[in-house]
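**Q** I would like to see how this sequence folds:
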Amino acid sequence: MLPFTLPPMTSPSPPNPHSIEILAAACKAAGDPLRLSILRVLSKNSFGVLELAYIFQTGQSGISHHLKVLTQAGLATTRREGNAVFYRRSLPQDSAMHTALLQELDRLPLQPELKARVD
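**A** Numbers count the residues shown, from 1 in each chain. Below is the predicted model of the structure:
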């Protein structure tokens, strides 16, 4: 006999398929070092694709692809000014993972070569 009483077993509520898809998209987006670096750079300012391509010394199409993944995952948002589109980091919504990810990214120092191109 156990020296304590276990609570009655209950079935967990079934997972929301939509929530699982959102979590999977966020994990995919956060699973790439360049995308994490982009989120780190977007912490203080918004940038256009060409600016980010310069900062990361990467082609425009590659940066556009990474920004699309980040935006679809809800980690980045866009702002349009005329023909220009600017990207910035999304504010954490109701996701503990999103909040933890951004907090951890903010603790990391920006690489000196990136910092020089951002400033």
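**Q** quick one: contacts for the residue minimising distance to the centre of the chain?
**A** Nearest residue to the geometric centre of the chain (C-alpha atoms, centre = their mean): residue 75, 3.6 Å. When contacts are counted by C-beta atoms under 8 Å, 6 or more residues apart in numbering, residue 75 touches 26, 29-30, 39, 89-90, 98, 101. Heads up, the C-betas are built off the backbone N, CA and C, glycines and all.
**Q** at 10 Å instead, please
**A** For residue 75, the contacting residues are 25-26, 29-30, 35-36, 38-39, 42, 67, 69, 89-90, 92, 95, 98, 101-102, by C-beta atoms under 10 Å, 6 or more residues apart in numbering.
**Q** How about residue 49?
**A** The contact partners of residue 49, by C-beta under 10 Å, 6+ apart, come to 60-64, 66-67, 84-87.
**Q** ok, it to residue 75 distance?
**A** Remark: distance between residue 49 and residue 75 (C-beta to C-beta, to the nearest Å) = 16 Å.
**Q** Check residue 85 too.
**A** 16 Å.
**Q** related to what we said a few turns ago, dump the contacts of residue 49 into TSV; add distance to residue 116 as well.
**A** Compiled in TSV, the contacts of residue 49 are given as follows (distance: C-beta to C-beta, whole Å):
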residue	distance to residue 116
60	21
61	24
62	21
63	18
64	23
66	21
67	22
84	24
85	25
86	21
87	20
